[in-house]
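Asker: Fold the stuff below for me.
(one chain, ligands or ions: 2)
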Amino acid sequence: MNNPFLHTPIDYLKGVGPNRSKLFKKELKIFTYQDLLSFFPYRYVDKTKYHKIDEINNTKSEIQLIGKIVDLYESGSPRKRRLIAKLKDDTGFIELVWFKSHKWIKESLILNKNYIIYGKPNMFNGIYNIPHPELELYKKENLKYRSSLDPVYPSTENLIKRGITNKVIRDIVKELLLKTKSKFVESLPKYIIKEYKLLDKNSAIINIHLPKSNQFLSKAIKRLKFEELFYLQLQLIKKNISRKEKIKGFRFKKVGNTFNSFYNNHLNFSLTNAQKRVLKEIRRDLGSNAQMNRLLQGDVGSGKTIIAFMTTLIAIDNNFQACIMAPTEILSVQHYNNFKEICKLLNISIQILTGSTKALEKRKIYDELENGELQILIGTHALIQDKVKFKNLGIAIIDEQHKFGVAQRSKLWKKNTLPPHILIMTATPIPRTLAMSVYGDLDISVIDELPPGRKNIITVHRKENSRLKVIHFLREEISKGRQAYIVYPLIKESEKMDYKDLLDGYDSLSRDFPLPEYQISMVHGKMKPEDKDYEMERFISGTTNILVSTTVIEVGVDIPNASVMIIESAERFGLSQLHQLRGRVGRGTHKSYCILMSGNKTTNDSKIRINTMVKSNDGFEIAEKDLEIRGPGNLMGTQQSGIIPLKIANLVSDKNMISTIRDYVKKILATDQNLTKKENTTILNTYKHLNKNNNIWNYIS
Ligand code: ADP
Ligand code: MG
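Answerer: Ligands and ions are numbered 1, 2, ... in the order given. Presented below is the predicted three-dimensional model:
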């Protein structure tokens, strides 16, 4: 790793030159020898098998041919000129076609010489051709160097356009491997290599590029993944440890009267085991000297709110103030209404602050916050205005964190001498492996259990032709006294059209469910906040039977009497969003339903999403699927953190390996926190080197 030779710029490599080196840097971020050798193939193809031209039929994969180019000409209009080469073997002819940048090919091809052609046949007008094939002059002695595991490297359109084919990259890498032989410094200590039966570094690098056999290839992959994940976890865990050492926090020494009084006298259900465990984790943090920075994940309805409330009580028992921040006015009001009665009984002062709080009221709140009279403040973004000054904020709880940016969160930080403890709650579960990797500096608690008695929400997929039946079903539910949500997608680019869908939907529902027998509320983003709240309030109070809306209701609304969720154009929603929406029902004792409406045409991805919803009620399972479909970069809640730039390991498919390695790293650090033991010298050196160079912190924070 630390070998200076490996830091040589790729310009010095035979076959690279200034133009190519520029392209490598720009397109692939490859600057040095080391970068190039850490640029791994993503698949391997068999280059020892050959086809005859008359054997080509319907193959979907690449094939190899040997034949002579017997004709070479350009065709098409001047602006869309393509180069055609006619290839002949003893069974027939096939055309090779280049649509772009064929000047260099035209100049270098030699007629009537044998070539080895590699490419994917393509049927055009009933005839096969091979677009943009790889070409190599046929030489008998070269045949024995051809591999059944020939590497294929990731590429970009620009590279291909400029003639940097896979073959070019492969040859350059090969050349470099010859030069580099055994120059990689081992980056894992012997005892780990032995314990996990890993390939040594040099063999791994050689075999990932030029595998000796399938067996060596798998060993190389395993070794390189292990190394990558090992150092990722090491960096994350070390960062977490040093944060705890550096960032001191208030120490909440006791669990006092308010907490106990609430727990013993006012909590009218027993906590689930998961809730108890999480509460213990939080109490442990609050009792230590470090600032708590904890992410609480729990599926919709798993009971995060009560944990939040009880956490604030611990702060109050230690003479500190607490605040709970929610992403919307509706949610803030909901929390406030939840807590205010109980606060009265416990003799605690609580207030709500949102955009619509009256000026007079606001001033009173500011004053009481500063002089410490006010103990709990609930609210929206309004809480992070400069005017809001706490006397001694001990803990800030943030509900549904993905709606708050990092910058907004850190505003809370500065309100005090010491930073308050932070608890972030999210119902968008992030698969453990991803959470462990992306939120390495947060501690994570998970409520992985729903309160007893919750029934699964029955989820079905219905197409347009079943609409009448759906309406009929809805009528039945309403006649039993239930309420229903009907949600329309709203995606910015086509906002006008979506808006029309919503209004049309509302009109036709009004016909199916006419006044005065039925009442319908509608909320959407274009309404004034007052009107929105008014309509919401009518639904919450049970005055209206149906709430027609856009996704403004996505987050956290809790109306136990609602038992039906109909999602229109469900194919247009993402998985986690569908799951969030479904979580709005099934919150009471009533059997609940989620009906996913879709058009007749759905893409493969949307089919998978809908089927996943129909099959599973488990938010974590759904999140894993989401990760599989979309890749980690798009997952909600992780955009802020960026994607971890893994070269070979995969956060989804290698999740077992990630857990194992994480535990293993923890074990090593438990006995040798600073990696000063002799046996860990290699780890320390590699770690220092990584921190200096490819700084992973840029991606995590
Ligand atoms: P979320 O995790 O989605 O925020 P909530 O905190 O809103 O979920 O809880 C959903 C409902 O479950 C609330 O009505 C809450 O009172 C109730 N609840 C929470 N914990 C329990 C429990 N241990 N037993 C029974 N009901 C509970
Ligand atoms: Mg909630």
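Asker: Low-confidence regions, the stretch 351-500 of the chain specifically.
Answerer: 401-417, 433, 438-441, 491-495 (pLDDT under 70).
Asker: In the stretch 401-550 of the chain, which residue sits nearest ligand 1?
Answerer: residue 451 (3.3 Å; Cβ to the nearest ligand atom). Using the backbone N, CA and C atoms, a C-beta is placed for each residue, glycine as well.
Asker: Who are the contact partners of that residue?
Answerer: 269, 272, 301-303 (Cβ atoms under 8 Å, 6 or more residues apart in numbering).
Asker: State whether residue 448 and residue 620 are indeed in contact, as I suppose.
Answerer: Yes - between residue 448 and residue 620 there is a contact under Cβ atoms under 8 Å: 7.2 Å.
Asker: following the helix or strand in which residue 531 is found, which helix or strand comes up?
Answerer: In the assignment (DSSP states H and E), residue 531 maps to helix 529-540. Heading C-terminal from helix 529-540, the first helix or strand you meet, by DSSP H and E, is strand 546-549.
Asker: Spell out which parts of the stretch 501-650 of the chain neighbour ligand 1.
Answerer: 558, 587 (Cβ under 6 Å from any ligand atom).
Asker: tell me the SS of whichever residue of the stretch 501-650 of the chain sits closest to ligand 1?
Answerer: Nearest residue of the stretch 501-650 of the chain to ligand 1: residue 558, at 4.8 Å (Cβ to the nearest ligand atom). Per DSSP: H, G, I helix; E, B strand; the rest coil, the local secondary structure of residue 558 is coil.
Asker: neighbours around it, how many?
Answerer: 17 (other Cβ atoms under 10 Å).
Asker: going forward, begin numbering at 234 instead of 1
Answerer: In the new numbering, first residue 234, that becomes residue 791.
Asker: related to what we said a few turns ago, spit out the residues that contact residue 681 and residue 853 alike.
Answerer: Common neighbours of residue 681 and residue 853 (Cβ under 8 Å, 6+ apart) are residue 532.
Asker: sorry, back to before: among the contacts of residue 684, find me the one that's closest to ligand 1.
Answerer: Looking across these and measuring by Cβ to the nearest ligand atom, the closest to ligand 1 is residue 536, at 2.8 Å.
Asker: quick one: contacts for that closest one?
Answerer: 504-505, 508, 680, 683-684.
Asker: Looking at this protein, which strand is longest?
Answerer: What stands out as the longest strand in the chain, according to DSSP state E, is strand 296-308.
Asker: Quick check: buried residues in that strand?
Answerer: Within strand 296-308, the residues scored as buried using 16 or more other Cβ atoms under 10 Å are 296-300, 302, 305.
Asker: Over to stretch 886-904?
Answerer: 887-888, 890-891, 894-895, 897-898, 901-902.
Asker: among the contacts of residue 536, which are in helices?
Answerer: Within those, residues falling in helices by DSSP state H are residue 508.
Asker: hmm, which two among the contacts of residue 536 are most spread apart?
Answerer: 504 and 683 (12.3 Å; Cβ to Cβ).
Asker: Does residue 454 touch residue 438 like I think?
Answerer: No - using Cβ under 8 Å, residue 454 is not in contact with residue 438, being 11.7 Å away.
Asker: Looking at these two, which one has more neighbours?
Answerer: Legend: neighbour count by other Cβ under 10 Å for residue 454 and residue 438, higher for residue 438 (23 against 18).
Asker: Quickly find the element holding the more buried one.
Answerer: Under the assignment here (DSSP H and E), residue 438 is part of helix 434-442.
Asker: Beyond that helix, next helix or strand please.
Answerer: helix 447-479.
Asker: Need the residues that contact the longest strand of the chain.
Answerer: 280, 282-286, 289, 314-322, 326-327, 329, 335, 339, 342-354, 371.
Asker: Pull out the buried members of those.
Answerer: So, by 16+ other Cβ under 10 Å, the buried ones in the contacts of strand 296-308 are 280, 283-284, 286, 289, 316-320, 322, 327, 329, 335, 342, 348-352, 354.
Asker: Thank you kindly, that will do.
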